[in-house]
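Undergrad: Provided below are the primary sequence and the corresponding predicted coordinates.
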Amino acid sequence: MLDVLRHQDLEGVLATVVRYFGGVKLGAGGLVRAYTDSVAQALLKAEKIAIIKQRQLICSAPYAMEGLLRREIELAGATLDNVQHADEVLFTFSLPDSAADDLVIRLNESGHGRIAWITPDDTTGTD
């Protein structure tokens with residue numbers, strides 16, 4: 001059963017098989033085949049969802065740049081988690097880790113140095 005899971009390149013998956021004795025003795029080889037086939041059949045019908053590592057980014061920008069940041073965040077396929085309006089606009093958003101560096105570069109270029117990046121554990125609010 002474990003070999004079937006390993007060959008599917010799955011992570012975080014548990015397989016269990018319950019067998020009620022039905023009067024037919026399968027023998028050791030028959031049990032292995034029955035359990036293996038049960039897991040294989042279940043995997044054929046299972047919906048597989050890719051695990052995509054996410055990165056959370058936090059930045060602040062002047063109010064005049066709020067529309068630009070919202071558009072860029074949406075175009076990048078990021079999820080806007082939180083927006084706070086104070087002296088500046090504070091954005092918290094998440095996106096796939098593989099796309100994060102490109103978005104930061106694009107925002108830095110279009111922001112002309114007016115976007116400040118904040119580390120998630122920074123309590124002062126600026127970076």
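TA: Perfect, I can see it now.
Undergrad: residue ranges with poor pLDDT in this structure?
TA: Residues of the chain meeting the criterion pLDDT under 70: 22-24, 122-127.
Undergrad: mind doing that once more with 90?
TA: When the per-residue scores of the chain are filtered using pLDDT under 90, the ranges that remain are 1-35, 46-52, 119-127.
Undergrad: report the central residue of this protein.
TA: Nearest to the geometric centre of the chain sits I52, at 3.4 Å (CA atoms, centre = their mean).
Undergrad: SS state for it?
TA: Assigned state for I52: coil (three-state reduction, DSSP: H, G, I helix; E, B strand; the rest coil).
Undergrad: so what's it closest to, chain neighbours aside?
TA: For I52, ignoring the flanking residues on the chain, the nearest one in space by CB to CB, 6 or more residues apart in numbering is P96 at 5.1 Å. (C-beta placed from N, C-alpha, C; glycine too.)
Undergrad: just to revisit the earlier point, let me know whether the residue nearest to the centre of the chain touches S94 as I believe.
TA: No: counting by CB atoms under 8 Å, I52 stays clear of S94, with 10.5 Å between them.
Undergrad: just to confirm, which helix or strand has Q56 in it?
TA: Of the helices and strands defined by DSSP states H and E, Q56 is found in strand 54-61.
Undergrad: now do F93
TA: F93 is part of strand 89-96 when elements are defined by DSSP H and E.
Undergrad: ok, that strand: who's next to it in the sheet?
TA: Each strand that pairs with strand 89-96, with its direction, by DSSP bridges: strand 54-61 (antiparallel), strand 79-85 (antiparallel).
Undergrad: which residues touch the one helix or strand R6 maps to?
TA: When secondary structure is defined using DSSP H and E, the element that contains R6 is helix 2-7. With contact meaning CB atoms under 8 Å, 6 or more residues apart in numbering, helix 2-7 is reached by 13, 15, 36, 39-40, 43.
Undergrad: and if you look at stretch 103-112?
TA: Contacts to stretch 103-112, defined as CB under 8 Å, 6+ apart, come from residues 57, 59, 61, 65, 68-69, 72-73, 76, 78, 95, 115, 117.
Undergrad: this structure: helices as residue ranges?
TA: Under the criterion DSSP state H, the chain contains helices at 2-7, 27-45, 66-75, 97-111.
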